[in-house]
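In: Provided below for reference: sequence and predicted model.
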Amino acid sequence: MPVEVKICGLSTPETVDAALDAGADLVGFVFFPKSPRNVTLEQAATLAARARGKARIVTLVVDADDALLEAIAAEVRPDLIQAHGSETPERIAQIAQLTAKPVIKAIRVKDDADIDAAADYSTVASLILYDAKAPETLGNALPGGNGHAFDWGLLEGGKRPAFMLAGGLTPENVAEAIRVTGAPVVDVSSGVESAPGIKDIDLIRKFIEAAKSAR
Ligand SMILES: O=C(O)c1ccccc1NCC(=O)[C@H](O)[C@H](O)COP(=O)(O)O
């Protein structure tokens, strides 16, 4: 099966269309005010309408409250919710129930213990996304979308349920990341940008082509 690709942090109609034309399987919209990729409910609803039926729509939240989750479910109508904060397994179960959507739980990885922590979410999250834990030297890091990779070797050879791989992926390194980890789904944001929050159509195309021709 070809690898699936999620392009995250889209915020303009042109870049959503470019991702869809290039064959993105999932498109992601970020709800995190401190992010350069943050979108409003209205923007996300408009962008999601362009993608509906062509790719799965993912709305990314960070420790979101019920009001935001209910508004996202009603106005954006995503296919999946990505929880990218410090949500507990209990909170993930609540999010799934409240929104009636499958939840992707992002696990921030630095070492083996972080990989093992994913097991706590096995019964409540539909999918685990392994992303890099930003190093302290990065200063004002976001909870994700920092363009930082973790040691892919931590996922090498493991027998684990389907997962997504993120963190510092680029058109140049995505094939190697897939080879090492066996990831069935890859997720990128910074690696297809010309500046934080500014998606680059050429890089989106190159990333999808590289991921889809890996293996
Ligand atoms: O993108 C953001 O600004 C962001 C903010 C807060 C939490 C998560 C965020 N992004 C996560 C992603 O875009 C992806 O799931 C993934 O982490 C890819 O990040 P990158 O290393 O930039 O490719």
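Out: Nice, thanks for sending it over. Numbers count the residues shown, from 1 in each chain.
In: Three-state assignment for the residue of the chain found nearest the ligand, please.
Out: In the chain, the residue found nearest to the ligand is residue 145; the distance is 2.3 Å by Cβ to the nearest ligand atom. Every C-beta, even on glycine, is put in place using the N, C-alpha and C of the backbone. Applying DSSP: H, G, I helix; E, B strand; the rest coil to residue 145 yields a three-state assignment of coil.
In: Now the phi/psi pair for it, please.
Out: Note on residue 145: its backbone torsions stand at phi 70, psi 30 [degrees, to the nearest 10].
In: and if you look at residue 80?
Out: Taking degrees, to the nearest 10 as the convention, residue 80 sits at phi -140, psi 150.
In: Is it correct that the residue of the chain closest to the ligand is in contact with residue 38?
Out: No. Counting by Cβ atoms under 8 Å, residue 38 is not a contact partner of residue 145; they are 10.5 Å apart.
In: joint contacts of these two?
Out: Common neighbours of residue 145 and residue 38, using Cβ atoms under 8 Å, 6 or more residues apart in numbering, are residue 30.
In: So for those two, which residue has more residues nearby?
Out: residue 145 (28 against 17; other Cβ atoms under 10 Å).
In: before we move on, the earlier item: so who does the residue of the chain closest to the ligand touch?
Out: If you count contacts by Cβ under 8 Å, 6+ apart, then residue 145 has 8-9, 30, 35, 37, 189-190 around it.
In: Export those residues to TSV and append columns for pLDDT and neighbour count.
Out: Output for the contacts of residue 145, formatted as TSV (pLDDT from 0 to 100; neighbours: other Cβ atoms under 10 Å):
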residue	pLDDT	neighbour count
8	98	26
9	98	28
30	98	27
35	95	21
37	97	23
189	98	30
190	96	24
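In: Up against the ligand, what does the protein have?
Out: By Cβ under 6 Å from any ligand atom, the part of the chain that sits against the ligand consists of 8-9, 30, 32, 35, 37, 60, 62, 84, 131, 142-147, 166-169, 187-191.
In: What separation do you get for the most far-flung residue of the chain relative to its centre and residue 146?
Out: Largest separation from the mean C-alpha position in the chain: residue 137, at 23.0 Å (Cα atoms, centre = their mean). Here the distance between residue 137 and residue 146 works out to 11 Å (Cβ to Cβ, to the nearest Å).
In: who's in contact with the nearest residue in space to residue 9 that is not next to it in sequence?
Out: Leaving aside its sequence neighbours, residue 9 sits nearest to residue 37 (Cβ to Cβ, 6 or more residues apart in numbering; 3.5 Å). For residue 37, the contacting residues are 8-11, 30, 145, 189, 197, by Cβ under 8 Å, 6+ apart.
In: want to throw those residues into a markdown table with secondary structure?
Out: Output for these, formatted as a markdown table (three-state DSSP):
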| residue | secondary structure |
| --- | --- |
| 8 | coil |
| 9 | coil |
| 10 | coil |
| 11 | coil |
| 30 | strand |
| 145 | coil |
| 189 | coil |
| 197 | coil |
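In: Closest to residue 114 out of those?
Out: Nearest to residue 114 among these is residue 145, at 17.6 Å by Cβ to Cβ.
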